[in-house]
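> return atomic coordinates for the entry below.
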Amino acid sequence: MNQQQLVQKTQEFSEKYMMSVQKVSGIDLSEIQIVEDDWDTRFMWLATHLFVTIKLNEVYPGVKIEDLFQGEKLIHLYAGLVSNTMTILEQMEVDPLDTIRIIPNFFIRHYDYLIQFMGSNCGYKSKDINMDMFGGWFAIKASDLLEE
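Prediction:
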């Protein structure tokens, strides 16, 4: 799969998911400001939204979000998020390995979004985040850290 095909499939998922959320809850996710909002960021953010708002209760029914910020539970939660995203990709007939190859910092960004959503559920607000610093993290690629 090439990047153009991946862009098309992830954008289709994003549109369908946002329409479903709006139909069910009345919330327009397209109005939410996302740092570095482009096709891959929106897809990963929405996949995380899906996991945290729907799947989380299946994995940990009745557990408070604050209780999941502990060692092995957080690792298990992160693994569940990645697994759920891989399932979404497979259902879209996309090879997850192609996605990991094409989307920069795939795993790190998933973790960042998971922590943001969980923090939000614990009462942290967007104003608590240094957005300039956060935006800078997305501009860094692994190759930037290597000496030439």
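> now do the SS call for N57.
Here N57 is helix, with the state taken from DSSP: H, G, I helix; E, B strand; the rest coil.
> oh, I was asking about P104
Classified using three-state DSSP, P104 is coil.
> quick one, phi psi at it?
With angles defined as degrees, to the nearest 10, P104 sits at phi -70, psi 140.
> quick one: buried residues of the helix or strand containing K16?
Using DSSP states H and E, K16 falls within helix 3-25. By neighbour count, and taking 16 or more other Cβ atoms under 10 Å as the criterion, the buried residues in helix 3-25 are L6, K9, T10, F13, S14, Y17, M18, V21. To be clear about C-beta, it is placed using only N, CA and C from the backbone, and glycine gets the same treatment.
> show me where the protein has its helices.
Ranges of helices in the chain, per DSSP state H, are 3-25, 39-50, 56-59, 71-91, 96-102, 106-121, 131-139.
> looking at these, which is buried most?
helix 39-50 (a mean of 21; mean count of other Cβ atoms under 10 Å).
> low-confidence stretches in the chain?
Counting by pLDDT under 70, the chain contains low-confidence residues at 35, 69-71, 120-148.
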